[in-house]
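Trainee: have a look at this prediction, sequence included:
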Amino acid sequence: MAIARLERALFARPDTEPRWRGALRTAAQLTWLLGRDLNEGRLTLHAMSMVYSTLIAMVPLLAFAVSALKGLGVNGVLGPALDRVLEPLGPSGHDVATRLVDFVSNVRTGVLGALGVVLLAITALSLLRKIEAGLNEAWQVTAPRPVVARSLEYLGLLIVGPVFLFVAFTLTTTLTHPSVAHYLGPVAPWLGKLIPYVLVVAAFTLINVITPNTAVSGRSALAAGVFGGIAWQTVGLIFAVLATRSTRLSAIYSSFAILVLFLMWVYVSWLILLLGARLGFYVQNPAWRQPRIERSPLDPAEAEAAALEVMLLAARRFEGGGRPLGLAECTGRLGIQALRLDPVLRRLGEAELLHSVGARGYVLGRDPAHVSIADIIGAARGPQAPRERLPRLGTLLGKAESLRHDALTGTTLAELAGGASEEARPPE
């Protein structure tokens, strides 16, 4: 009860308050929401799944990165990059990076044959699929991209990753060169500390722009990148201190201590990425900054109201000749989670009232002048249970349903959208 009262007080909307207090309230709300998401466990499950896929797909992905970097005429980048990523593990991180580089160097595709290369590609793609699934969960996206679009996305990630490593390595090498450091003077040490943060923020921002199957605004992606980058760097420093000072871990796990530390750091890294994406989702959809929303299915009345709202939005978009209606826009406008709204959208699609155009969103399946409100209500409710087992009650409910259907059949979606537009228009 105390937690519920605290939550209500935190999400209360006062009529007036100073700007600084509003900013603090927003920060507190976002912190509360992220903590609530962690407690629910869906993001942590995705992070654990990504750790498992990382172990399987790490060597194939690194082998592809080495090949791509060699194609760019760059050698010796992978080792320093892995050292930087595994730096929080302390001296053990350098050992893990060295062993990974040795593994990658020993990969001989000619010896593996066609089947072995295909298996390596499948394991590499499995990790990319897990990353996409985790970020889609963070951004409340239920439908993955089509196969062709997903393949192009994965190919883009495989190309952008090595290019990003190359740019990061070149930038770091240039700015830390003695001649450049001498030219910069006292700014050089501060710049050397700032560069890692900038690179990690850029990487997290780019992943949130490319990977989720939804339109991510630049502001939201940057918020996710800044949070993820700063959190990753900060937690890395804390993790390094704990790793160097912890002697119990080595006493318990002996030679497996390096592997345990590595798994812990990989899990923390993926979890930070997902939390950053979730923060970006809340920035892009302010309607979600509210107390806990039940994850149970919508009741019939809520489903009908949601279907009408979605169809109204699609009808206005149809009349204006604009772009399709995106899922994130629907969830943001209605304040309903995608997991709860998806069955309603699916029923509207099965009734051919809405048509999915993939990642672009939804468009009307029919002219709004030929869609009655009864059609929308019937689609939202889905198949009805037979009433033969309760003949007397079934007859009564059937009469009520017939009267309701007759009353709603006479109004079309076009008329409802026109009436809503007239009501929304300010008086002259």
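Mentor: Ah, there it is.
Trainee: for R323, grab phi and psi.
Mentor: phi -70, psi 170 (degrees, to the nearest 10).
Trainee: so it touches R317, yeah?
Mentor: Yes - the pair R323 and R317 passes the contact test of Cβ atoms under 8 Å, sitting 7.3 Å apart. From N, CA and C alone the C-beta is placed, and that goes for glycine too.
Trainee: more neighbours: those two, which one.
Mentor: Set R323 next to R317 and count neighbours by other Cβ atoms under 10 Å: R317 wins out with 18 against 13.
Trainee: now do the SS call for the more buried one.
Mentor: On the three-state scheme (DSSP: H, G, I helix; E, B strand; the rest coil), R317 is labelled helix.
Trainee: quick one: pLDDT of it?
Mentor: With respect to pLDDT, R317 has a value of 80.
Trainee: what's the spacing between it and A414?
Mentor: Using Cβ to Cβ, to the nearest Å, R317 is found at 13 Å from A414.
Trainee: same deal with G228?
Mentor: Distance from G228 to A414, by Cβ to Cβ: 45 Å.
Trainee: okay, these two: which has more neighbours?
Mentor: G228 (26 against 16).
Trainee: please name the residues that touch the more buried one.
Mentor: 200-201, 204, 272-273, 275-277 (Cβ atoms under 8 Å, 6 or more residues apart in numbering).
Trainee: leaving aside the residues adjacent along the chain, what's closest to it?
Mentor: G276 (3.0 Å; Cβ to Cβ, 6 or more residues apart in numbering).
Trainee: quickly find the element holding the one you found.
Mentor: helix 257-284 (DSSP states H and E).
Trainee: so how far is that helix off the chain centroid?
Mentor: Distance, stretch centre to chain centre, for helix 257-284: 12 Å (Cα atoms, centre = their mean, to the nearest Å).
Trainee: what is that helix packed up against?
Mentor: Where contact means 3 or more Cβ pairs under 8 Å, 6 or more residues apart in numbering; DSSP states H and E, helix 257-284 is packed against helix 19-40, helix 42-71, helix 91-105, helix 109-138, helix 187-210, helix 218-245, helix 248-253.
Trainee: redo those as TSV? Include mean pLDDT and distance to V266.
Mentor: As requested, those are exported to TSV (pLDDT from 0 to 100; distance: least, Cβ to Cβ, whole Å):
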stretch	mean pLDDT	distance to V266
helix 19-40	86	17
helix 42-71	80	5
helix 91-105	73	10
helix 109-138	72	11
helix 187-210	81	15
helix 218-245	86	11
helix 248-253	60	16
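Trainee: of all the ones you listed, which lies closest to G378?
Mentor: G378 lies closest to helix 109-138 among these, at 30.4 Å (Cβ to Cβ).
Trainee: now the residue positioned nearest the centre of the chain: how far from T54?
Mentor: The centroid of the chain falls nearest to L135 when counting by Cα atoms, centre = their mean (2.8 Å). Taking Cβ to Cβ as the criterion, L135 is separated from T54 by 15 Å.
Trainee: doesn't R25 make contact with E17?
Mentor: Yes - applying Cβ under 8 Å as the test, E17 and R25 come out as touching, 7.5 Å apart.
Trainee: thinking again about what came up before, show me what contacts the residue nearest to the centre of the chain?
Mentor: Contacts of L135 (Cβ under 8 Å, 6+ apart): 207-208, 211-212, 273-274, 277.
Trainee: the same query, at a cut-off of 7 Å, please.
Mentor: 208, 211-212, 277 (Cβ atoms under 7 Å, 6 or more residues apart in numbering).
Trainee: how about whichever helix or strand M311 is part of: buried residues?
Mentor: Using DSSP H and E, M311 sits within helix 300-320. Buried residues in helix 300-320, counted by 16 or more other Cβ atoms under 10 Å: 302-318.
Trainee: before we move on, back to that, by neighbour count, which of the contacts of L135 wins?
Mentor: That'd be A277 among those, by other Cβ under 10 Å, with 29 neighbours.
Trainee: surely that one is in contact with A138?
Mentor: Yes - using Cβ atoms under 7 Å, A277 is in contact with A138, at 3.7 Å.
Trainee: who has more neighbours out of E17 and R25?
Mentor: A direct count of neighbours by other Cβ under 10 Å for E17 and R25 places R25 higher, at 17 against 11.
Trainee: and the gap between that one and A12?
Mentor: 9 Å.
Trainee: cool, L82 as well?
Mentor: 48 Å.
Trainee: more neighbours: which of these two?
Mentor: L82 (20 against 9).
Trainee: so which bits of the one helix or strand that one maps to are buried?
Mentor: Element membership of L82 [criterion: DSSP H and E] is helix 78-85. Using 16+ other Cβ under 10 Å as the test for burial, helix 78-85 gives 78, 81-85.
Trainee: redo the residues you listed as JSON lines? Include pLDDT and distance to A351.
Mentor: What follows is those, written out as JSON lines (pLDDT from 0 to 100; distance: Cβ to Cβ, whole Å):
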{"residue": "L78", "pLDDT": "69", "distance to A351": "53"}
{"residue": "A81", "pLDDT": "73", "distance to A351": "52"}
{"residue": "L82", "pLDDT": "74", "distance to A351": "53"}
{"residue": "D83", "pLDDT": "75", "distance to A351": "57"}
{"residue": "R84", "pLDDT": "73", "distance to A351": "53"}
{"residue": "V85", "pLDDT": "76", "distance to A351": "50"}
